[in-house]
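Asker: Sequence plus the predicted model coming up.
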Amino acid sequence: MRVLYLHPAGTFGGASKSLIELYLAAKKGGIEACVITPKGSAANAFRDADMNVIKTVGLSQFDHTRFGYYRNFRWLILLRELCFLPIAFFALLHTKKTQNRFDLVHVNEITLLPTAIMAKWIFRLPMVFHVRSLQYINIASLRSRWVFWVLRKYAAAVICIDETVRASIPQDLPSVVIHNGIDVGQIAKIKDKAQPRKQAAVGMAGVFHRSKGIYEFLAAARILLKDRDRDVQFILAGENARQATGLKKWAYKKMGFAEDVLAEAKQYVKENGMEKQVTFAGFIKDVREFYLHLDVLCFPSHLNACGRPVFEAAFFGIPSIVAIKNPVEDALIHNVTGLAIEEPEPSLLADAIDRLLLDNTFRLTLGKQAKDWANRLFSIKNSADQLLEIYTHAIQFGMHK
């Protein structure tokens, strides 16, 4: 079974990491993969996973996520996406010309709708769409109706990463939840290398973006370090969401479309005299090693959702603090696998960190329960088996459509 993957981001992050682990597990079922993706660390990771990589400058997207949907000046971002249309088109044509025939196309994020439509025209194959982000739904909005019309028309299958994401798309859309499975065997090997630590450590992992709650995390660190005099180490792993230089960087910043979050975060740490207690670990190829140094993981996202780091940390017996209202069972269980706070507010986050670090028994109990929960829900084998079944049905669907 030959699968063409379309991946939107050049920067290595949760979506690329999840796709690689899912592919490596499903590969045993006979999958061959080719991925079209923008240049960057994600492309390198795909290549290292033995995927055939077609690099391009960019792929055209239409962002209708709850945080990134177009409004006010953000509509100008569409100019960039229009520029990427011919680039994506020729990347697709080049792939069709130079590669063997594929059996289906897997779109690794719903934002890639413009590129996906062109792929459908060019390859005439069944398509599987992955929905990894909460969607912005406004029934009266032409945008919402168009996005979900495309899914109904072109999707042989829609995969959501959890029930929270699934609830953000119309319920009449046929969809299935496949959790971001994690290779427990590899985690066990890394876990054996863990060394005892004297200082408590709290961390965040992922792409540096305002929506992730980076600034709130650092503000909570300042409260704990400066106002409450706690002896804690704070660690951030990741890099900026989009790397831009020169005139492009200046233009993006002026229009408010891109921020150098990493530089601003480092400046905040310096201004508040926290250089010794706050560490920027940068890009970590195998971020699982990051968890060896943590007691608590924070995910103070503005998106009212959990991310992959929460599930990764759980496998290591590390509880998480997540900004999420009314979490569902496959996201976080409050006071069982971690703590939920109502919003990404620094004082709420600081209080939650304090609660876990000052009550060692409670933190360890939550960590053990989180590990049991993760082993039950996020088996990479189960996720790969589900994916293979969906691929088979999608191909059959395409044959009879």
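Answerer: All right, it came through fine.

Asker: contacts and neighbour counts: CA atoms only from here.
Answerer: Will do.

Asker: Contacts only, for Tyr5.
Answerer: Residues in contact with Tyr5 (Cα atoms under 8 Å, 6 or more residues apart in numbering) are 33-36, 105-108.

Asker: hmm, I was thinking of Cys83
Answerer: Applying Cα under 8 Å, 6+ apart, one finds that Cys83 lies in contact with Ser60.

Asker: my read is it is in a strand, agree?
Answerer: No - applying DSSP: H, G, I helix; E, B strand; the rest coil, one finds Cys83 to be helix, outside a strand.

Asker: What distance do you get for it to Ala42?
Answerer: According to Cα to Cα, to the nearest Å, Cys83 stands 22 Å off from Ala42.

Asker: What of Ala265?
Answerer: 23 Å.

Asker: the more surrounded of these two?
Answerer: Relative neighbour count places Ala42 above the other of Ala265 and Ala42, with 23 against 17, counting by other Cα atoms under 10 Å.

Asker: Which element, helix or strand, includes that one?
Answerer: helix 41-48 (DSSP states H and E).

Asker: Show me which residues of that helix are buried.
Answerer: Within helix 41-48, the residues that qualify as buried are 41-47, counting by 16 or more other Cα atoms under 10 Å.

Asker: List the contacts of it.
Answerer: By Cα under 8 Å, 6+ apart, helix 41-48 touches 9-13, 16, 20, 35, 37, 52-53, 55.

Asker: so which of those residues comes closest to Leu377?
Answerer: Ile20 (18.6 Å; Cα to Cα).

Asker: Which strands or helices does the host helix or strand of the closest one pack on?
Answerer: In the assignment (DSSP H and E), Ile20 maps to helix 14-26. Contact partners of helix 14-26 among helices and strands, from 3 or more Cα pairs under 8 Å, 6 or more residues apart in numbering; DSSP states H and E: helix 41-48, helix 380-400.

Asker: need the strands for the stretch 301-401 of the chain, in chain order.
Answerer: With strands called from DSSP state E, counting those that start in this stretch, the stretch 301-401 of the chain shows them at 320-323, 338-341.

Asker: quick one: the helices in the stretch 1-150 of the chain?
Answerer: Taking DSSP state H, counting those that start in this stretch to define them, one finds helices in the stretch 1-150 of the chain at 14-26, 41-48, 77-98, 113-123, 142-154.

Asker: Give me the buried stretch members for the last one, please.
Answerer: Along helix 142-154, these residues count as buried under the neighbour rule (16+ other Cα under 10 Å): 143-144, 147-148, 151, 154.

Asker: a markdown table for the strands of the stretch 301-401 of the chain, including mean pLDDT, mean neighbour count and distance to Leu79?
Answerer: A markdown table is the format used below for those (pLDDT from 0 to 100; neighbours: other Cα atoms under 10 Å; distance: least, Cα to Cα, whole Å):
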| stretch | mean pLDDT | mean neighbour count | distance to Leu79 |
| --- | --- | --- | --- |
| strand 320-323 | 96 | 28 | 33 |
| strand 338-341 | 96 | 23 | 37 |
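
Asker: returning to that earlier point: what is the nearest of the contacts of helix 41-48 to Pro327?
Answerer: For those, the nearest to Pro327 is Gly13 (23.0 Å; Cα to Cα).

Asker: Would you mind confirming that the closest one makes contact with Gly206?
Answerer: Yes - if you go by Cα atoms under 8 Å, Gly13 and Gly206 touch, sitting 6.1 Å apart.

Asker: sorry, back to before: report the two of the contacts of helix 41-48 separated the most.
Answerer: The most widely separated members of the contacts of helix 41-48, counting by Cα to Cα, are Gly13 and Asn52 (18.8 Å).

Asker: who has more neighbours, these two?
Answerer: Shown here are Gly13 and Asn52; by other Cα under 10 Å, Gly13 has more neighbours (22 against 18).

Asker: pLDDT score for the more buried one?
Answerer: For Gly13, the pLDDT comes out at 83.

Asker: what about the nearest residue to Gly30 once chain neighbours are set aside, neighbour count?
Answerer: Of all residues not flanking Gly30 in the chain, Met1 sits nearest, at 6.2 Å (Cα to Cα, 6 or more residues apart in numbering). Met1 has 16 neighbours, counted by other Cα under 10 Å.

Asker: Verify the contact between Met1 and Asp103 for me.
Answerer: Yes - look at Met1 against Asp103 with Cα under 8 Å: they come within range, at 6.2 Å.
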